[in-house]
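Participant: sequence first, predicted coordinates after that:
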2 protein chains.
Amino acid sequence: MLRTVRRWLIGPPLPTEQMTEERLGRFQALAVLSSDALSSVAYATEEILMVLILAGTGAVGLSLPIAIGIAVLLIIVASSYYQTVHAYPGGGGAYLVTKDNLGTLPSLVAGAALLIDYVLTVAVSISAGVAAVTSAFPVLFRWRVPLALGAVAMITLVNLRGVRESGRVFTIPTYFFITTIFVMIITGVAKAIMYGVEPGAAATTSLPVQEDIGIFLILRAFASGCTALTGMEAISDGVPIFKPPEADNAGKTLLWMVGILVSMFLGLTLLANLYGILPHAQGHETVVSQLARTIFGGESPLYFAVQAATALILILAANTSYSDFPRLSMWMARDKFLPRQLAMLGDRLVYSNGIMLLGTLASALIIIFGASTHALIPLYAVGVFTSFTLSQASMVLRWRKLRTPGWRTRATFNGVGAVSTGIVLIVIASVKFIHGAWIVLLLIPTFVKMFLIIHRHYENVASELTLKKKPPAPVRRHVVIVPIAGLHRGVMKAIQYAITLDGELHMVTVEIDKEQTEKLKKRWKEYYPDIELEVVPSPYRSVVRPLMEFVDSFIQEEGDYVTMVIPEFVTAKWWHRFLHNQTAVLLKRAFLYGRRTWEGRFRVITGVPFYLTR
Amino acid sequence: MLRTVRRWLIGPPLPTEQMTEERLGRFQALAVLSSDALSSVAYATEEILMVLILAGTGAVGLSLPIAIGIAVLLIIVASSYYQTVHAYPGGGGAYLVTKDNLGTLPSLVAGAALLIDYVLTVAVSISAGVAAVTSAFPVLFRWRVPLALGAVAMITLVNLRGVRESGRVFTIPTYFFITTIFVMIITGVAKAIMYGVEPGAAATTSLPVQEDIGIFLILRAFASGCTALTGMEAISDGVPIFKPPEADNAGKTLLWMVGILVSMFLGLTLLANLYGILPHAQGHETVVSQLARTIFGGESPLYFAVQAATALILILAANTSYSDFPRLSMWMARDKFLPRQLAMLGDRLVYSNGIMLLGTLASALIIIFGASTHALIPLYAVGVFTSFTLSQASMVLRWRKLRTPGWRTRATFNGVGAVSTGIVLIVIASVKFIHGAWIVLLLIPTFVKMFLIIHRHYENVASELTLKKKPPAPVRRHVVIVPIAGLHRGVMKAIQYAITLDGELHMVTVEIDKEQTEKLKKRWKEYYPDIELEVVPSPYRSVVRPLMEFVDSFIQEEGDYVTMVIPEFVTAKWWHRFLHNQTAVLLKRAFLYGRRTWEGRFRVITGVPFYLTR
């Protein structure tokens, strides 16, 4: 039954040969790879304003210069990645680039930062997408956590099915979002110029001043706005999905993306300033929703178009993590830093274990932080900027090593990128420390430690399994034991099987009740007059322990094997299992884990199935 | 580690020979067997008053006549059980007596009613005991559920250890309770006579009349008070623990018990009337606590003595269920109406599974009903009176069958008991129906159905296992298969073992990746030049399915066996297991349950352990 449900949800398995890469043109690739980056404009301006209003309504005017600063940073990072795209046409994820140039430990830091970042992207994007929906329909606000969890479950399922048609699916919502936002910016600016603006909340409301305007507050606002940079690395990670010439196409797409991103981000911040929009303290309506409502009117179809487009692109942004996270964990699993199950291709030709892990972790975050974008943001940027810095620093080393023509210029570009993102990383980590950045600063080394422990385990296993060590001792003595509790057809089957095994045969019963043993012995004589039934006493009524001791008496030297043959009931209905003593299971567990046997002397348990038909 | 914790909590296992019955004299037996019955006076009066105040403060005066009615019923039931004690000196539990005289189905009804009753006894007694504590220390009121769960956990643990010294442990609190209650009754009555009574709440408060005084309300009050009868059957169940002459001693103890019970119950109801005590609507202070506070003063040590004695006896009352429930479920498991695990004597010579089941169910009830005695009571009496009625009706039949001298008188006694408890059962079931009795009226047939399904399953299994059917077909062909994914010491061990098994040997690898298969084949030639490595393609990357098909190609006729030998890693640390593909487990599950094989053709899976040392 479980199988049917699974097949209905996930679809039938696909043959390996269907694994082909879909190549995308620039127009489609922009849609697929930039949804994460573009979607961040849905909350970046709001995050800046949320910090500034702490210094009262007068401070919100600072949002525009701060946004310009972030736009400059965006352009620096983009030109730095433009180099990476050409240097790593096979895909230049921070983990691979860092491993290549800075070595294992930094690459693990990058890997940890990225994995955390992907989980956060899902949690933040879905939370923000749900916020876009609840801004339009406030009655849904109290259901935001279940709504967000439902969205995560849906995306997880879609990805488990394997998103083959990703290119086509992405194009429409991404361009829909770009169009609506630009229409809003143009309409908003035009209206403001033509009709002037009625004084908005920023002019009429007088908020209490909780903090003075100072460098610290400005840095905090800047750090919050830096979430606009998330998703920048997607194009450089995904060079191989471009049509040839890959690097060339990817580079051009990157430039287009940063152009669109900078215009939208600055445009929205400008609008918020023009119309005097303030973020809602309780977060019931987003800044973008307020803007759209003011410019188009709350009942206008254009208002709902903006909200729908925002919600859609945010869900798509979460979706990009669903290809990045499983791919990165597959690489790390192949390098033996993560459990090898993460490197297994599932039924539908996707790394299903990674997808499910991502869905689970993101759901946990959403529950813990109550689906609040604002609560999650401080955790967000640290991971992103750690991987930016490491990947660009790696590029600088690479140029120094290769010394290709013009390497100095290239190294300078990447160097400026590395230094500026490095500085921003320090700024974010310090000003956001108490707001949540400490969690990530704690998680990154924890993850690195975990990667190293896992790696050591796999290395240990490999060294124990290597054929270079002396081969296992040949079988010297093989004893076959059948424990007999009663005499029935299941036991007879086991005895019959045991006889074929060609070892020293011992039939043994554990005496818990004297009377029952006597009865059993009598019946035994009737059916097996030629085979002796040995009796082991059990004063404490345990079946497992006396059997274990009996078995161990036969394994004295290397090459001694004991096979214990037990009848194993296979019940017709799953719940029937609870009606049978699980002695077989207990025996097996005790034998395997109870007392560890040494090299070359072994206890093997064999269950001879007896199928119950009713 | 788990083992150490377990041993520390439960104690080391005890040898079977230590199983001896402790025989008790009348003085001790009264303490052990009557705690359940006597403890019910702690809440019975309160339950009557809670119904009556619905008709306003004027109605509470009816509590005394109602209590007298219940006392008469108590005496009838006691004299009926006096007969049972002499007729079943081996212990006359309702299940056994009913099975003996009325047949299987009624005995199952009695069994279901009793099992439910025992669980309710634990939940009600513990909740009432916690109420006694929180009456004295109101700050604890909000912690009542965790407190009650803690108490259940404690009693469960104590019983899992095996309560050998039960007689001694019980004597003190039971007689302490009897003494304090009698002191309170005598002091209260004496004070009232000598000094008169200040008008209590009943005189000064004017409660809104929610219902008219009518026959229905009076019946409901009567039904609520009938909880005073719970635990009456304990002595007739436990005749064998008396010193000889058992029946005689048990009969006398029963008379003593009913005398004490009736005096305490009537005394407390009288006091409540004299002092005009009303039950608290929110249930923050019990009636007994209010009485003790009024009579002794809230700061007096005597007040705390009453509360402590009440809490103690209620916990002891719960404890009696801990011997009754496991004993009854053991009997029913032996009769194949419950899972046979319930008939297994544990390490400490107690039926541990039954004890744990009882603890779990009672905890669930406490959580569901928020540790509220008042909410649980309506569920309570139905089960008790069902078993009373059935057990006494059985006795009538028994006398008619035996026709011993004086059988008519005896039958009359039991007949009166059966008829009156039967009528009360109908009354309780109707007036308490919507308050919770419906749950029990639904549960009893559900349980009976479950007993029958379990019974049928065991009968089916027995018929499949019987040696009267033709013996399993002898082994005709034995194929041994070793699936090879890679070549390492674990696999070598499995191969070595497979060779000793003396069957047709097949080495097989599942091809998921062409390149890897080629590599493996090359290495294979190096190590095993004489053995062929067969290759099975797997276009869908599944390991399990192609192996299953390969195996099934060998089992065509009766007597065909396939043994699949797989290396099984035993990791050094438990969490290392998550770092290995659980292919062995998956294979085993698929082989046993995936496609059911038919009689005489079998797939056996043998795991050859490979111990990882680090």
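Facilitator: Looks like it arrived, so ask away.
Participant: what secondary structure does A:V536 sit in?
Facilitator: strand (DSSP: H, G, I helix; E, B strand; the rest coil).
Participant: how near is it to A:E246?
Facilitator: The gap separating A:V536 from A:E246 is 72 Å, by CB to CB, to the nearest Å. C-beta: built from backbone N, CA, C; applies to glycine.
Participant: which of these two has more neighbours?
Facilitator: A:E246 (20 against 15; other CB atoms under 10 Å in any protein chain shown).
Participant: for the more buried one, what are its contacts?
Facilitator: A:89, A:239-240 (CB atoms under 8 Å, 6 or more residues apart in numbering or on different chains).
Participant: of the residues you listed - the most surrounded one?
Facilitator: A:V239 (25 neighbours).
Participant: dump the residue contacts of it.
Facilitator: Neighbours of A:V239 in contact, by CB under 8 Å, 6+ apart: A:85, A:88-92, A:246-247, A:250.
Participant: quick one, phi psi at it?
Facilitator: Here is the backbone geometry of A:V239 (degrees, to the nearest 10): phi -50, psi -40.
Participant: which one is the closest residue to chain B within the stretch 251-400 of chain A nearest to, not counting chain neighbours?
Facilitator: Closest residue of the stretch 251-400 of chain A to chain B, CB to the nearest CB: A:P339 (4.9 Å). Closest residue to A:P339 apart from its sequence neighbours, by CB to CB, 6 or more residues apart in numbering or on different chains: B:L579 at 4.9 Å.
Participant: surely the one you found and A:A343 touch.
Facilitator: No. If you go by CB atoms under 8 Å, B:L579 and A:A343 don't touch, sitting 11.9 Å apart.
Participant: is chain B contacted by stretch A:354-368?
Facilitator: No. Applying CB under 8 Å from any CB of the partner chain, one finds stretch A:354-368 separated from chain B by no less than 11.8 Å.
Participant: how far away from the center of its chain is that stretch?
Facilitator: 7 Å (CA atoms, centre = their mean, to the nearest Å).
Participant: could you do stretch A:140-157 as well?
Facilitator: On CA atoms, centre = their mean, the centre of stretch A:140-157 falls 17 Å from that of its chain.
Participant: any idea how far the residue of the stretch 251-400 of chain A closest to chain B lies from B:H576?
Facilitator: In terms of CB to CB, A:P339 sits 10 Å off from B:H576.
Participant: how about the residues of the stretch 301-450 of chain A by chain B?
Facilitator: Counting by CB under 8 Å from any CB, the stretch 301-450 of chain A comes close to chain B at A:339-341, A:344-345, A:347.
Participant: out of the residues you listed, which comes closest to B:P472?
Facilitator: Taking CB to CB as the measure, B:P472 lies nearest A:D347 of these, at 37.3 Å.
Participant: contacting residues for the closest residue to the closest one other than its chain neighbours?
Facilitator: Nearest non-adjacent residue to A:D347, counting by CB to CB, 6+ apart: A:P13, 3.8 Å away. Contacts for A:P13 were tallied using CB under 8 Å, 6+ apart; they are A:347-348, B:540-542.
Participant: and A:P13, helix, strand or coil?
Facilitator: Following three-state DSSP, the label given to A:P13 is coil.
Participant: cool, A:I531 as well?
Facilitator: coil.
Participant: check contacts around it.
Facilitator: Applying CB under 8 Å, 6+ apart, the residues near A:I531 are A:505, A:507.
Participant: shaky segments in the stretch 1-150 of chain A?
Facilitator: Applying pLDDT under 70 to the stretch 1-150 of chain A flags residues A:1-3, A:6, A:10, A:16-22, A:92.
Participant: ranges for the helices of it?
Facilitator: Under the criterion DSSP state H, counting those that start in this stretch, the stretch 1-150 of chain A contains helices at A:2-10, A:26-39, A:41-52, A:63-87, A:94-101, A:104-136, A:144-161.
Participant: ok, now the stretch 401-550 of chain A?
Facilitator: Under DSSP H, counting those that start in this stretch, the stretch 401-550 of chain A gives helices at A:407-431, A:437-465, A:489-500, A:514-527, A:544-552.
Participant: can you redo those as CSV with mean neighbour count?
Facilitator: Formatted as CSV, the helices of the stretch 401-550 of chain A follow (neighbours: other CB atoms under 10 Å in any protein chain shown):
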stretch, mean neighbour count
helix A:407-431, 19
helix A:437-465, 16
helix A:489-500, 21
helix A:514-527, 12
helix A:544-552, 18
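Participant: quick one: closest of the ones you listed to B:I75.
Facilitator: So among these, helix A:514-527 is nearest, using CB to CB, at 44.5 Å.
Participant: now the angle from the closest one to strand A:533-537?
Facilitator: Orientation of helix A:514-527 against strand A:533-537 (axes from the mean of the first three to the mean of the last three CA atoms, to 10 degrees) gives an angle of 170 degrees.
Participant: say whether chain B is contacted by helix A:514-527.
Facilitator: Yes. Judged by CB under 8 Å from any CB, helix A:514-527 and chain B are in contact via A:Y527.
Participant: then that helix to CSV, C-alphas only?
Facilitator: Output of helix A:514-527 as CSV, limited to C-alpha atoms (Å, rounded to 0.1, in the frame of the first residue of the first chain):
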residue,chain,number,x,y,z
LYS,A,514,11.0,-28.4,33.5
GLU,A,515,7.7,-29.9,32.6
GLN,A,516,7.6,-28.4,29.2
THR,A,517,11.1,-29.6,28.4
GLU,A,518,10.1,-33.1,29.3
LYS,A,519,7.1,-33.0,27.0
LEU,A,520,9.2,-31.6,24.2
LYS,A,521,11.8,-34.3,24.6
LYS,A,522,9.1,-37.0,24.3
ARG,A,523,7.7,-35.6,21.1
TRP,A,524,11.2,-35.0,19.8
LYS,A,525,12.0,-38.8,20.2
GLU,A,526,8.9,-39.5,18.2
TYR,A,527,9.9,-37.4,15.2
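Participant: helices or strands up against it?
Facilitator: Counting contacts by 3 or more CB pairs under 8 Å, 6 or more residues apart in numbering or on different chains; DSSP states H and E, helix A:514-527 packs against strand A:504-511, strand A:533-537.
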